[in-house]
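[1] coords below, sequence missing:
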């Protein structure tokens, strides 16, 4: 149980284009989903917290107009990287928290974004 | 303070040995402390977690020891195997936002 999927697993795009990454909780409902960015050999950096049906809360320094987050249902959140540039190349990981107040976060497998 | 300090940065252990990773925190509002295991190119996987009301939790070869007064917790991997070679992250959370504060990670290498 508690499986989180991400799609796509890898994406390569040209500079200036937009890329959408999906995060789905497959066997549970997730009130809250989180989006992280991870650089090579580094820890996870929280980008934003996404609650179903409401606007995402972004961490300090994260451009909300560049990283658009939508949490349309209890099982799906999307991250759209708009007007991507090479410096946006990174490993993006989502996590989902079980509805009902549990603290546990389950992570997706990650999406490797490469912007040329 | 939201920081979680993790050590060591890297660790090499022989097969069958005990791997020990330590974390320390400052925020007394933290009340949930998970450990995650991450393989290269994969997302973190929850290994084991503990709350401050117990001093130790064991699941298979993995044990968390928790010292509330010292604000420290550690992961012990018994009978370490080459397949345990991965990066391990400690984390902590507390309060209504459920945000995880991560340590910087420990790269564990278990030699055969």
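    Perfect, thanks for sending it. Note that the structure is a prediction, hence the values are computed from the model and not measured. Numbering: from 1, shown residues only, chains lettered A, B, ... in the order given.
[2] for the chain, which spans come out with low pLDDT?
    Looking at chain A here, since you left the chain open. Counting by pLDDT under 70, chain A has low-confidence residues at A:1, A:100-101.
[3] was after chain B, sorry
    B:1-2.
[4] Could I get the full set of strands for chain B?
    Taking DSSP state E as the criterion, chain B contains strands spanning B:4-7, B:10-14, B:19-25, B:33-38, B:45-50, B:56-59, B:62-67, B:72-77, B:86-92, B:101-102, B:106-111.
[5] and the ones you listed, which is most packed in?
    strand B:86-92 (a mean of 24; mean count of other CB atoms under 10 Å in any protein chain shown). Yep, even glycine has a C-beta here, placed from its N, CA and C like the rest.
[6] okay, which residue is most central for chain A?
    residue A:35 (3.6 Å; CA atoms, centre = their mean).
[7] Secondary structure class of it, three-state.
    When classified by DSSP: H, G, I helix; E, B strand; the rest coil, residue A:35 comes out as strand.
[8] Bridge partners for it, pull those for me.
    Residue A:35 has the following beta-bridge partners by DSSP bridges: residue A:48, residue A:94.
[9] residues contacting it?
    The contact partners of residue A:35, by CB atoms under 8 Å, 6 or more residues apart in numbering or on different chains, come to A:23, A:46-48, A:50, A:67, A:69, A:77, A:79, A:92-94.
[10] Give me every residue in chain B lying close to chain A.
    Applying CB under 8 Å from any CB of the partner chain, one finds that chain B approaches chain A through B:31-32, B:34, B:36, B:41-46, B:49, B:89, B:93, B:97-100, B:102-105, B:107.
[11] residues touching the closest residue to residue B:19 other than its chain neighbours, list them.
    Nearest residue to residue B:19 in three dimensions, chain neighbours excluded: residue B:77, at 4.0 Å (CB to CB, 6 or more residues apart in numbering or on different chains). Residue B:77 makes contact with B:18-20, B:61-62, B:84, B:108 under the criterion CB under 8 Å, 6+ apart.
[12] need the strands for chain A, in chain order.
    A:4-7, A:10-13, A:19-25, A:30-38, A:44-51, A:57-58, A:67-73, A:76-81, A:90-98, A:105-107, A:111-115.
[13] Redo these as CSV? Include distance to residue B:25.
    As requested, the strands of chain A are exported to CSV (distance: least, CB to CB, whole Å):
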stretch, distance to residue B:25
strand A:4-7, 26
strand A:10-13, 35
strand A:19-25, 28
strand A:30-38, 19
strand A:44-51, 16
strand A:57-58, 22
strand A:67-73, 28
strand A:76-81, 28
strand A:90-98, 20
strand A:105-107, 17
strand A:111-115, 30
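[14] can you pick the most crowded of the contacts of residue A:35?
    In terms of neighbours by other CB atoms under 10 Å in any protein chain shown, these top out with residue A:94 at 31 neighbours.
[15] Go ahead and confirm that one touches residue A:5.
    No. With contact defined as CB atoms under 8 Å, residue A:94 and residue A:5 do not form a contacting pair (9.3 Å).
[16] Next, show the common contact partners of these two.
    A:23, A:108.
[17] these two touch, right, residue A:45 and residue A:36?
    Yes. Residue A:45 is within contact range of residue A:36, at 6.1 Å (criterion: CB under 8 Å).
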